[in-house]
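Q: Please find the sequence and the predicted model below.
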Amino acid sequence: MLKKESVKTTEITTPILETKTLFKSGTSIRISHGDALYILRITKTNKLILTK
């Protein structure tokens with residue numbers, strides 16, 4: 001779900017996604033971008049790491 005708040009960059013409003021919504025009860029998700037597949041994961045120290 002999108003939060004009601006958003007960040008304005010120049011004239012474009014960028015949506016804010018909650019990690020708890022994206023990850024649900026897991027610690028990683030796969031993101032398809034064009035022909036590439038990426039993995040976004042939450043580390044033990046609660047940081048986000050994106051790998052190809």
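A: On my side now, so go ahead.
Q: Three-state assignment for Thr21, please.
A: helix (DSSP: H, G, I helix; E, B strand; the rest coil).
Q: Number of residues surrounding it?
A: 10 (other C-beta atoms under 10 Å). In this view, the C-beta of every residue, glycine as well, is placed from N, C-alpha and C.
Q: could you measure it against Gly34, distance?
A: Distance of Thr21 to Gly34, computed by C-beta to C-beta, to the nearest Å: 24 Å.
Q: Ok, Ile12 next?
A: Taken as C-beta to C-beta, the span from Ile12 to Gly34 is 21 Å.
Q: go on, Pro15?
A: Taken as C-beta to C-beta, the span from Pro15 to Gly34 is 20 Å.
Q: These two: who's more crowded?
A: Neighbours per residue (other C-beta under 10 Å) separate Pro15 from Gly34, with Pro15 holding more: 9 against 5.
Q: is the more buried one in a bridge, and if so with what?
A: Note on Pro15: beta-bridge partners Ser6, judged by DSSP bridges.
Q: Thr51 now?
A: Ile39.
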